[in-house]
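# no sequence on hand, only this structure:
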């Protein structure tokens, strides 16, 4: 069976742990601690190192999902988790525009680590205050070809669709890459 490493990243409290937990077929490995954010919003738990889950796509392919911590003080883990990734998802809480700038910074940071395919998941599309994916794309200043997809992190089908779309982008990218540049 072939495995593909994907990273799920995004700002603090954007839904990364829920995203992985909704599709993982194994109990999610979590490294969480009680914490508050800079604005004193108390959150029961936050990821301090990583989350890990696994989903089997078919008999020949499994995705390993690594969730990053969202707080800047744990960003030293980002580069470690990005090693060997074939693609990544930037999860954005589309109902909290105050986090959009941080989401863009995270995207730029991950793009500096590796030229791997990515998609943006506009989370919380079930919230009446959620920005539509098209508006989120403009707010993040993204190029036209960047995929910004609707998402509800606690909905298994929604998350599965995001992961399959990322897999398609990875495969398209591999098909466009000259054979001499492919990893062996």
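Structure received. These numbers come from a predicted model, not from an experiment.

# which helix in this structure has the most residues?
Ranked by residue count and defined by DSSP state H, the top helix of the chain is helix 156-176.

# report the buried residues of that helix.
Of all the residues in helix 156-176, those buried under the rule 16 or more other CB atoms under 10 Å are 158, 159, 162, 163, 165, 166, 167, 169, 170. Every residue, glycine included, has its C-beta placed from N, CA and C.

# residue contacts, the first one?
Residues in contact with residue 158, defined by CB atoms under 8 Å, 6 or more residues apart in numbering, are 22, 125, 150, 151, 152.

# thought residue 3 was touching residue 64?
Yes - assessed by CB atoms under 8 Å, residue 3 is found in contact with residue 64 at 5.5 Å.

# if we can go back for a sec, show only the entries of the contacts of residue 158 found in strands.
If you go by DSSP state E, these have residue 150 in strands.

# in CSV: the contacts of residue 158, plus pLDDT and distance to residue 141.
As requested, those are exported to CSV (pLDDT from 0 to 100; distance: CB to CB, whole Å):
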residue, pLDDT, distance to residue 141
22, 95, 29
125, 98, 21
150, 98, 19
151, 98, 20
152, 98, 24
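
# of the contacts of residue 158 - the most surrounded one?
Ranked by neighbour count (other CB atoms under 10 Å), the contacts of residue 158 have residue 151 at the top, with 27 neighbours.

# ok, for it, nearest residue in space, not its chain neighbours?
Distances taken as CB to CB, 6 or more residues apart in numbering place residue 121 nearest to residue 151, at 4.0 Å, with adjacent residues excluded.
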